[in-house]
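> Starting from these lines, generate the structure:
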Amino acid sequence: MFFMPDKSLPEKVVSKMYEADWFSQWLGIECVKVEQGYCVLRMAIRKEMLNGFGIAHGGITYSLADSALAFASNSHGRMSISIETSISHTVSLKEGDIITAIAEEMNLSNKIGIYQVTIKNQKEETVALFKGTVYRTSKNWFEEKK
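Purely as a prediction, here's the structure:
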């Protein structure tokens, strides 16, 4: 699946999330790395992801960044949901391009987390910049052992 059998908490959370995330699976997202507050995802641009201009639909990079935000923000073990997001597209993408999203935690409090997601292509060009704010619920992904 995603990670080795002896998983860290962030890996356990992301594996559990990914199992029920049919859209991320359809996108073909691969989790490269996950740590608390940090996530790296990668995927390829396919023909069915192109718009009428022959370039990747903006929703594709947005969706990859949104998944990176979700995985990074939930990696602490608390269920977190996005409350505000925005994206700027800087370079267009074509079929066959490989894109990588790097989500980094910028600020974390008891109830709010702020994340920056940078998306790069295979040439290491920044193709999009995404900012996301999440609400951290009081629910944990896994029961805490006493």
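
> can you give me the strands for the protein?
Using DSSP state E, the strands of the chain run over residues 30-35, 38-44, 78-89, 98-108, 112-120, 126-140.

> which secondary structure elements does the longest one contact?
Other helices and strands packing on strand 126-140, by 3 or more C-beta pairs under 8 Å, 6 or more residues apart in numbering; DSSP states H and E, are helix 58-74, strand 78-89, strand 112-120. To be clear about C-beta, it is placed using only N, CA and C from the backbone, and glycine gets the same treatment.

> Indicate which one of these is closest to residue 96.
Within the helices and strands packed on strand 126-140, the stretch nearest residue 96 is helix 58-74; the backing value is 13.2 Å (C-beta to C-beta).

> Which of the helices and strands packed on strand 126-140 has the highest mean neighbour count?
Across the helices and strands packed on strand 126-140, averaging neighbours per residue (mean count of other C-beta atoms under 10 Å) puts helix 58-74 on top, at a mean of 23.

> Please tell me how far that one is from the chain's geometric centre.
4 Å (C-alpha atoms, centre = their mean, to the nearest Å).

> follow-up on the earlier one: using a markdown table, please lay out the strands of the chain together with distance to residue 51.
Output for the strands of the chain, formatted as a markdown table (distance: least, C-beta to C-beta, whole Å):
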| stretch | distance to residue 51 |
| --- | --- |
| strand 30-35 | 23 |
| strand 38-44 | 17 |
| strand 78-89 | 12 |
| strand 98-108 | 16 |
| strand 112-120 | 17 |
| strand 126-140 | 15 |
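
> Format those strands as a markdown table; extra columns: distance to residue 65 and mean pLDDT.
As requested, these are exported to a markdown table (distance: least, C-beta to C-beta, whole Å; pLDDT from 0 to 100):
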| stretch | distance to residue 65 | mean pLDDT |
| --- | --- | --- |
| strand 30-35 | 14 | 97 |
| strand 38-44 | 9 | 98 |
| strand 78-89 | 6 | 98 |
| strand 98-108 | 5 | 98 |
| strand 112-120 | 4 | 98 |
| strand 126-140 | 4 | 98 |
